[in-house]
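Enquirer: Here is a sequence together with a model predicted from it:
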Amino acid sequence: MHALNRTRALVTAVLAAATLATPGCLWAPELSSVRRDIERQLPDASFDKEFELSLGPVTLAFARLVTCLIPPAREARQYLRDVSRVQVAVYDHAPLAGGARNLQMPELLGSLIDHGWEMAVKVRDDDQRVWLLFRAEDDVVREVFVVALNEDQLVLVKARGRLERVLARVLREGDRGGWAWHRSS
């Protein structure tokens, strides 16, 4: 084995072990609270955890380091650089008997609004609900919280960092034709 390959293998093994020992965890209690609130509002709903993940600064630093070592992942580094904490939870569910029309904003989101968060997006269709809240400091977006429920999944995301930079990159990428917005009919 070449020295470079051996070094990469060693670094990857050390990173994997260190990542498992860092503060990132496989449970996001705040997101679980939102799921429980939605379950109370939709008693026929049964949410099956696809995954819950909470990553803090140390784990994200390791992720940025890994993106340096894996060429296809280098593009992600520019986005990870400005994120300091992220929690993601995805739950699958069977079709809801009454759709999402009876679902009201989860209590936690109302509490966030009471504490200075602002509503950026609110979607209310028969089969989906979306709430996107943000918190700014000095007119700069520092945190976002997204709740999205459609006909087969509940997705919850909370992120903290210099998110205006991430948003600017996403918008620039869209302007260059790197991806396109789609709305299904």
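Expert: The structure has been received and is ready for your questions.
Enquirer: what about His115, how many residues close to it?
Expert: 8 (other Cβ atoms under 10 Å). (C-beta placed from N, C-alpha, C; glycine too.)
Enquirer: what does the one 10 residues further on give?
Expert: Around Asp125 there are 11 other residues, counting by other Cβ under 10 Å.
Enquirer: next one: Leu69
Expert: Applying other Cβ under 10 Å, we find 13 residues neighbouring Leu69.
Enquirer: For it, give me phi and psi.
Expert: phi -90, psi -20 (degrees, to the nearest 10).
Enquirer: wouldn't Asn95 be in contact with Leu149 here?
Expert: One correction, residue 95 is Pro, not Asn. No - Pro95 lies out of contact with Leu149 (Cβ atoms under 8 Å); the separation is 11.9 Å.
Enquirer: These two: which has the busier surroundings?
Expert: Using other Cβ under 10 Å, the more surrounded residue of Pro95 and Leu149 is Leu149, with 27 against 10.
Enquirer: Leaving out sequence neighbours, find the closest residue to that one.
Expert: Excluding the flanking residues, the one nearest Leu149 by Cβ to Cβ, 6 or more residues apart in numbering is Arg129, at 4.8 Å.
Enquirer: could you check the distance from Ala45 over to Leu154?
Expert: Separation of Ala45 from Leu154 (Cβ to Cβ, to the nearest Å): 8 Å.
Enquirer: overlap in contacts of the two?
Expert: Ile38, His93 (Cβ atoms under 8 Å, 6 or more residues apart in numbering).
Enquirer: The two - which one has more neighbours?
Expert: When Ala45 and Leu154 are compared for neighbours, Leu154 comes out ahead with 26 against 21, by other Cβ under 10 Å.
Enquirer: Looking at strand pairing, list the partners for the more buried one.
Expert: With DSSP bridges applied, Leu154 shows beta-bridge pairing to Tyr91, Leu149.
Enquirer: Now do the contacts for it.
Expert: Arg35, Ile38, Phe47, Ala89, Val90, Tyr91, His93, Val147, Ala148.
Enquirer: change it to 7 Å
Expert: Arg35, Ile38, Phe47, Tyr91, His93 (Cβ atoms under 7 Å, 6 or more residues apart in numbering).
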